[in-house]
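**Student:** Give the three-dimensional model of this entry:
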Amino acid sequence: MHSYFENTGPHILAHQGLALDCNPNTLEAFTKALAAGADYIETDAHGTKDGIAVLFHDDDINGVPISSLEFAELPEYIPTLKTALEHFPQEKFNIDIKNSEASAPVAQAINELKAHHRILLTSFDANRRKVTMQLAPGTASSPSVSEFTPAFFAALCGQQWLVSLLLKNFDAVQIPASAIGLNIVSPRLVKIYHAAGVMVHVWTINDPEQMKKLLEAGVNGIVTDRTDIAVKLLKN
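**Tutor:** Purely as a prediction, here's the structure:
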């Protein structure tokens, strides 16, 4: 088990922090999520025109791509990754690499602060994830959609050896509960993922009844907008 994980869960991953009354992906939202009991901060990273990793979900601001803007042109509430890591020096972050421009500055912040042990990298784009991992080796990671899909279908077919092979370089799978009408996290499938040596985190779950069902299925963690609800259910 990678040092990123202190235990097998249940883990609460605060999706963009806890932003009930503030902007998501901000220091304020992260502070509120941690105060509520989150285990990990889930956030999104973009790279600016001047090569700074910033934490923001959307690709653009008022229609202007973040990659075409310098950091000084962004709203003040948008933090840099480095600022967030320094502000929360002990906390662990789950970072989704949102554009190719983010790979190098994300890795630079991780390397500069020696934060490899408290970072998990992921991306919907396999190449972005791979490039960032190459620049910041030693961080935990979870697969992109294209990397996970073959493992899922292998699991459906009960091919444990193939699932283990396909997931051998990953520390977690972070996946939706279902896709294209298929249950991705049935108890049988979760057992197969676990046998491949990965944690299973499901996104983005805000309904307490669904959280309960997923925990009963054996998942290790919930990615949620509602850390406050998840804590009451999972930690009490």
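
**Student:** so what strands line up beside the longest strand seen in the chain?
**Tutor:** Counting residues, the longest strand in the chain under DSSP state E turns out to be strand 40-47. Here strand 40-47 has these sheet partners by DSSP bridges: strand 11-15 (parallel), strand 53-55 (antiparallel), strand 93-97 (parallel).

**Student:** and the residue most central in space within the chain, what are its bridge partners?
**Tutor:** Of all residues in the chain, the one closest to the mean position by CA atoms, centre = their mean is Asn94, 3.8 Å from it. Judged by DSSP bridges, the bridge partners of Asn94 are Glu42, Leu120.

**Student:** The closest residue in space to Ala154 that isn't next to it in sequence - how many residues pack around it?
**Tutor:** Once flanking residues are discounted, Ala154 sits nearest to Leu162: 4.1 Å by CB to CB, 6 or more residues apart in numbering. (Glycine included, C-beta is placed from N, CA and C.) Using other CB atoms under 10 Å, Leu162 has 16 other residues around it.

**Student:** what does Gly221 give?
**Tutor:** Quick note: Gly221 (other CB under 10 Å) scores 27 neighbours.

**Student:** For it, give me the backbone phi and psi.
**Tutor:** In terms of degrees, to the nearest 10, the main-chain angles of Gly221 are phi -160, psi 160.

**Student:** Spit out the contact partners of it.
**Tutor:** The contact partners of Gly221, by CB atoms under 8 Å, 6 or more residues apart in numbering, come to Gly9, Pro10, His11, Ile12, Leu13, Asp39, Tyr40, Met199, Val200, His201, Val202.

**Student:** That'll do, ta.
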